[in-house]
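Q: Just a sequence and a predicted model for now, questions to come.
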Amino acid sequence: MIADFNARLLDFLDSSPTPFHAVESLKKRLAASGFEQVADGDSWHLEPGGRYFIVRNDSALVAFVCGTEPLVENGIRVAGAHTDSPCLKLKPVPESKKQGYVQLGVEVYGGALLNPWFDRDLSLAGRVDYLDADGALKSTLLDLRKPIAFIPSLAIHLDRTANEGRKINPQTEMAPLISQLGEGEDFCLEAFLLEQIKAQPGGDSAAEVLSHELMFYDTQPAKLLGLKDEFLASARLDNLLSCFLACEALCDSPVTHTSIVVCNDHEEVGSVSTSGAQGPLLRSVVDRLLGSVGAEADGFDRLISQSAMLSIDNAHGIHPNFIDRHDDKHGPLLNKGPVIKVNANQRYASNSHSVALFKSLCMKVGVTPQLFAMRADMACGSTIGPITSASLGIETVDVGVPTFGMHSIRELAGSDDAPALAKVVAAFFAR
């Protein structure tokens with residue numbers, strides 16, 4: 001079972017180089033499990049026992065099961081994650097030509113570790129909007145798959161202090177190299193993208209590229225590694241791993257209780273967007289659920305009082321080379337179970353009630369949880385947990401799989417931890 005779960009996880013990670021592609025992959029998984037897509041602009045006709053999902057901005061998704069038990073009295077069970085990861089995002093007009101080389105200018109999206117982006121075989125993927133031959137606006141997803149770009153390091157012979165903590169300037173030092181021009185040759189990104197769209201099925205009518213949201217990614221595939229395959233290495237584990245395991249648990253959940261998975265976008269840059277956790281996506285789904293059962297004016301408050309949320313985002317495993325960066329009582333280990341994250345200043349939404357709930361679920365399925373709290377002399381990161389908890393008033397616990405190298409171009413997790421957390425999430429949906 002663990003091997004099958006991880007094989008599907010690896011496939012999902014490789015097919016999801018951007019939030020747009022992650023949502024497309026999740027849509028296929030949900031549809032295969034009997035979920036029906038609904039749209040913002042449609043009138044929803046929800047049935048008890050029905051399975052549905054909605055997509056916002058092509059990059060965020062809410063999937064839900066309409067329980068057969070009374071909605072308001074029974075509450076909702078919500079698992080939340082996010083589809084975005086730190087990366088290098090193409091600027092609107094990125095072309096640069098120096099010394100006969102073509103480079104593309106980028107912005108750093110989120111809090112990326114920059115050093116690991118050097119000397120990698122990079123490709124490009126994302127969403128492109130265009131006009132077709134009839135003047136209609138169209139949009140398509142693009143994934144070049146093949147390595148087309150490289151950010152070469154400066155040789156140590158030209159920078160003898162390179163290993164002494166040199167600061168990286170993303171504006172001047174991180175433009176990926178994509179080509180070398182011949183005599184009289186030129187390069188236009190929009191013309192290149194138009195060729196790529198025309199080569200796709202149904203894209204032959206494309207006439208003019210208007211805009212794009214494109215991101216570079218490492219072409220090295222996700223892999224199990226270690227002498228016993230005890231580790232899983234991949235890009236975008238933060239936080240596609242959580243999106244995947246939450247949707248897997250929902251697909252296998254009973255229809256007794258109303259259960260929801262929300263995969264927001266833009267968590268890495270503050271969540272303020274139509275598809276982010278500070279946007280209206282999740283609340284609008286809850287309101288429609290209440291409307292489908294004819295709930296009274298106080299229905300939302302009564303519903304939330306019976307509800308709970310798991311905010312699922314990766315945790316910091318204790319790094320064997322940097323043990324002093326952890327509190328000595330709160331250093332999670334890979335392959336030793338999911339992590340409950342606690343912070344006195346509400347950077348995580350966990351409280352004693354929600355922690356107890358999660359621990360009880362772990363006990364029920366035979367999984368041992370771990371605890372994480374930041375050192376008191378270091379700043380703590382955050383998740384969609386506090387944002388969603390504050391906006392809905394829903395009791396929330398922040399949990400996740402322990403990892404190394406968070407926000408690197410390639411991260412490392414234990415191969416046992418995601419399947420274990422998926423079991424706990426499944427028990428949560430079934431409770």
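A: Perfect, thanks for sending it. Quantities reported herein were computed from a predicted structural model and do not represent experimental measurements.

Q: domain parsing for the protein?
A: 2-85+235-430, 87-218 (automatic domain parsing).

Q: what distance separates the first one from the centre of its chain?
A: On the basis of C-alpha atoms, centre = their mean, to the nearest Å, domain 2-85+235-430 is displaced by 10 Å from the centre of the chain it belongs to.

Q: returning to that earlier point: name the stretch from the domains of the chain that approaches Leu224 most closely.
A: domain 2-85+235-430 (5.8 Å; C-beta to C-beta). C-beta here means a position set from N, CA and C on the backbone, and glycine is covered the same way.

Q: Could you tell me the end-to-end distance of the closest one?
A: Taking C-alpha to C-alpha, to the nearest Å, domain 2-85+235-430 runs 20 Å from one end to the other.

Q: now the strands for the stretch 101-250 of the chain?
A: Taking DSSP state E, counting those that start in this stretch as the test, the strands found in the stretch 101-250 of the chain are 101-109, 122-132, 137-143, 177-180, 206-218, 223-225, 231-234.

Q: So what's the gap between the second one and the chain middle?
A: Mean C-alpha position of strand 122-132 versus that of the full chain (C-alpha atoms, centre = their mean) differs by 19 Å.

Q: cool, the third one as well?
A: Going by C-alpha atoms, centre = their mean, the spacing between the C-alpha centre of strand 137-143 and its chain's C-alpha centre is 20 Å.

Q: Now do it against strand 206-218: the angle between them, please.
A: 30 degrees (axes from the mean of the first three to the mean of the last three C-alpha atoms, to 10 degrees).

Q: Tell me which strands strand 137-143 pairs with, and in which orientation.
A: Strand 137-143 pairs in its sheet with strand 122-132 (antiparallel), by DSSP bridges.

Q: What are the boundaries of the helices in the stretch 151-300 of the chain?
A: In the stretch 151-300 of the chain, the helices defined using DSSP state H, counting those that start in this stretch lie at 170-173, 189-198, 237-251, 281-292, 299-305.

Q: out of those, which comes closest to Thr83?
A: Across these, closest to Thr83 is helix 237-251 (C-beta to C-beta), at 6.0 Å.

Q: who wins for proximity to His257 among the helices of the stretch 151-300 of the chain?
A: Between the helices of the stretch 151-300 of the chain, helix 237-251 lies closest to His257; by C-beta to C-beta that is 11.2 Å.

Q: Show me what the closest one is packed against.
A: For helix 237-251, the elements it packs on are helix 2-14, helix 19-32, strand 60-65, strand 76-82, strand 258-264, strand 308-312, strand 411-414, helix 417-430, judged by 3 or more C-beta pairs under 8 Å, 6 or more residues apart in numbering; DSSP states H and E.

Q: and these as CSV, adding mean neighbour count, mean pLDDT and distance to Leu281?
A: Output for the helices and strands packed on helix 237-251, formatted as CSV (neighbours: other C-beta atoms under 10 Å; pLDDT from 0 to 100; distance: least, C-beta to C-beta, whole Å):
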stretch, mean neighbour count, mean pLDDT, distance to Leu281
helix 2-14, 17, 97, 22
helix 19-32, 20, 98, 12
strand 60-65, 26, 98, 6
strand 76-82, 27, 98, 11
strand 258-264, 28, 98, 7
strand 308-312, 28, 98, 14
strand 411-414, 22, 98, 26
helix 417-430, 24, 98, 20
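
Q: Between those, which one is closest to Gln200.
A: Nearest to Gln200 among these is helix 19-32; the distance by C-beta to C-beta comes to 13.6 Å.

Q: what does the average pLDDT come to for the helix or strand following the closest one?
A: The helix or strand immediately downstream of helix 19-32 is strand 36-37, counting by DSSP states H and E. Averaged across strand 36-37, the pLDDT comes to 98.

Q: Check stretch 52-59 too.
A: For stretch 52-59, the mean pLDDT works out to 98.

Q: which residues sit against that stretch?
A: Applying C-beta atoms under 8 Å, 6 or more residues apart in numbering, the contact partners of stretch 52-59 are 18-20, 22-24, 27, 30, 35-40, 44, 46, 61-64, 66, 83-84, 127, 139, 141, 265, 273-275, 279, 281, 285.

Q: Comparing the strands of the stretch 101-250 of the chain, which comes out most buried?
A: Most buried of these, by mean neighbour count (mean count of other C-beta atoms under 10 Å): strand 231-234, with a mean of 22.

Q: Quick one: list the elements packing against that strand.
A: Helices and strands touching strand 231-234, by 3+ C-beta pairs under 8 Å, 6+ apart, are helix 2-14, strand 223-225, strand 411-414.

Q: Touching it from outside, list them.
A: 6, 9-10, 13, 221-225, 334, 410-415, 418.

Q: quick one on the thing from earlier: quick one: the helices of the stretch 151-300 of the chain as TSV, columns for mean pLDDT too.
A: Formatted as TSV, these follow (pLDDT from 0 to 100):
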stretch	mean pLDDT
helix 170-173	96
helix 189-198	97
helix 237-251	98
helix 281-292	97
helix 299-305	97
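
Q: before we move on, the earlier item: need the winner for burial among the domains of the chain.
A: Neighbour counts (mean count of other C-beta under 10 Å) averaged over each of the domains of the chain peak at domain 2-85+235-430, with a mean of 20.

Q: picking up where we left off before, can you list the domains of the chain in a markdown table and add distance to Asp229?
A: Conversion of the domains of the chain to a markdown table gives the following (distance: least, C-beta to C-beta, whole Å):
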| stretch | distance to Asp229 |
| --- | --- |
| domain 2-85+235-430 | 6 |
| domain 87-218 | 21 |
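
Q: before we move on, the earlier item: and the helices of the stretch 151-300 of the chain as TSV, adding distance to Ser360?
A: Formatted as TSV, the helices of the stretch 151-300 of the chain follow (distance: least, C-beta to C-beta, whole Å):
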stretch	distance to Ser360
helix 170-173	45
helix 189-198	51
helix 237-251	17
helix 281-292	25
helix 299-305	19
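
Q: how near is the residue nearest the centre of the chain to Lys167?
A: The residue lying closest to the centre of the chain (C-alpha atoms, centre = their mean) is Thr83, at 2.4 Å. Distance, Thr83 to Lys167, by C-beta to C-beta, to the nearest Å: 30 Å.

Q: Please apply the same query to Ser284.
A: Noted for Ser284: a distance of 43 Å to Lys167, by C-beta to C-beta.
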